[in-house]
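K.L.:
Sequence first, predicted coordinates after that:
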Amino acid sequence: MKKVNKIAFIILFGFLVTNCQNEEINSPESQSEAIATNPKAPTQNQTAKTVSGTVPSHDPSTIVKSGVNYYVFTTGDNIPMTYSSNLNSWTWGTSVFTTTPSWITSYVSGFTKNFWAPDVAWFNNRWNMYYSCSTFGSATSTIGLVTAPSISQSAGTKWTDRGMVVASSSSSDVNAIDPSILVDGSNVYMAYGSWHAGIGVIQINPSTGKTTGSRTIVAGGNSASWEAPCLIKEGSYYYLFVNRGSCCNGVNSTYYIVVGRSTSPFGPFVDKNGVSLKSGGGTTVLASQGNYIGPGHLSRIVGTQKGSVHYYDGADNGNPKLEIVYFTWSGGWPTLSY
């Protein structure tokens, strides 16, 4: 993955802790005590149209709701989390980890506590969070899994580590980062990958949260700039949104989001002109607009036509921020807007 400058933005977030607000819990099962505090400092988001509060954000997960609050998890030390009751005002909450699971360094030598690009989905009567472990510019990576019966800021969330889901060790393989989880009835799929061999899709066994079958490359390849996939279903089609360009360079970031569709989660995905995403196709659905520079890492809130991205704020030295986006559909094709 070409996220060699990601650390510069993580450092900008700081290391102070904000106080957490209490909430009423209405989750599937009772919770245990909190396992970590988030060491990130607040940065005021001054230019977003729909988001306010202490929400510096890079590679946001799918926004999920547990109890009365929405939660989003992001790239950073120990997997940072922020929460909101209204998708507008966000507050720092507790991180997922206090220590790095010991198995990770068996796959990624030199990995520290800086986890990338988590995603979270509800299936098998639990929250399943997939997260990425890698080092800058490397194809040696792994995606891991933690689970919890519910997510709660006030009562605490007990995450159970489930180990490795998929790993990569060379640029000839799909880089094992940037997971995107789609729950499609009784089936679960994971799209993942960055640059190198392209974007892969593999089926997930709902009972274990681990992979079943073999992965299929559905976009990119030959070390082209494809990463941060988002796999969703709308009507009878599966849609694969993917980032092109490069991230992590502030106002000089060139991320933009393209889409293709297929009648199968394993492709082939083609754009509006019928060009395959494996052959350079992809219809652009969101690009830089004014101070919204390099939008990326799209996801959709389950059951809605709302989603989220990060962008680099041109009015705040290119710091990465969270923003809500809206899906609209015409003729079976989506557009995205702020």
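P.N.:
Thanks, I have it. Numbers count the residues shown, from 1 in each chain.

K.L.:
how about the strand or helix carrying residue 128 as CSV, C-alpha atoms only?
P.N.:
Assigned by DSSP states H and E, residue 128 belongs to strand 126-133. C-alpha atoms of strand 126-133 as CSV (Å, rounded to 0.1, in the frame of the first residue of the first chain):
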residue,chain,number,x,y,z
ARG,A,126,-22.1,-10.3,17.3
TRP,A,127,-20.1,-7.4,15.9
ASN,A,128,-17.2,-8.5,13.8
MET,A,129,-14.4,-6.1,13.3
TYR,A,130,-11.7,-6.7,10.6
TYR,A,131,-8.5,-4.7,10.8
SER,A,132,-5.3,-4.3,8.9
CYS,A,133,-1.7,-4.7,10.0
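
K.L.:
which other helices and strands contact that strand?
P.N.:
Packed against strand 126-133, as judged by 3 or more CB pairs under 8 Å, 6 or more residues apart in numbering; DSSP states H and E, are the following elements: strand 114-123, strand 141-148. Where you see a C-beta, it was placed from the backbone N, CA and C, and this is true even at glycine.

K.L.:
Am I right that residue 135 is in contact with residue 104?
P.N.:
No: using CB atoms under 8 Å as the test, residue 135 is too far from residue 104 to be in contact (11.3 Å).

K.L.:
Between those two, tell me which one has more neighbours.
P.N.:
Using other CB atoms under 10 Å as the criterion, residue 135 and residue 104 rank with residue 104 on top: 20 against 17.

K.L.:
wait, that one sits on residue 134?
P.N.:
No: at 10.1 Å, residue 104 does not count as touching residue 134 under the criterion of CB under 8 Å.

K.L.:
hang on, the earlier thing: any shared contact partners between residue 135 and residue 104?
P.N.:
residue 111 (CB atoms under 8 Å, 6 or more residues apart in numbering).

K.L.:
follow-up on the earlier one: where do the contact lists of residue 104 and residue 134 overlap?
P.N.:
111, 142.

K.L.:
Let me know the average pLDDT across the helix or strand where residue 242 lies.
P.N.:
Assigned by DSSP H and E, residue 242 belongs to strand 237-244. In this model, strand 237-244 has an average pLDDT of 98.

K.L.:
Report the distance from that strand to the chain centre.
P.N.:
Strand 237-244 has its C-alpha centroid displaced from the chain centroid by 13 Å (CA atoms, centre = their mean, to the nearest Å).

K.L.:
So in that sheet, which strands flank that strand, and in what orientation?
P.N.:
Strand 237-244 pairs in its sheet with strand 227-234 (antiparallel), strand 256-262 (antiparallel), by DSSP bridges.

K.L.:
Most tightly packed of the ones you listed?
P.N.:
Compared across those, strand 227-234 shows the largest average neighbour count, a mean of 24 (mean count of other CB atoms under 10 Å).

K.L.:
And the helices and strands packed on strand 126-133: which comes nearest residue 86?
P.N.:
Comparison of the helices and strands packed on strand 126-133 against residue 86 by CB to CB identifies strand 114-123 as nearest, at 19.3 Å.
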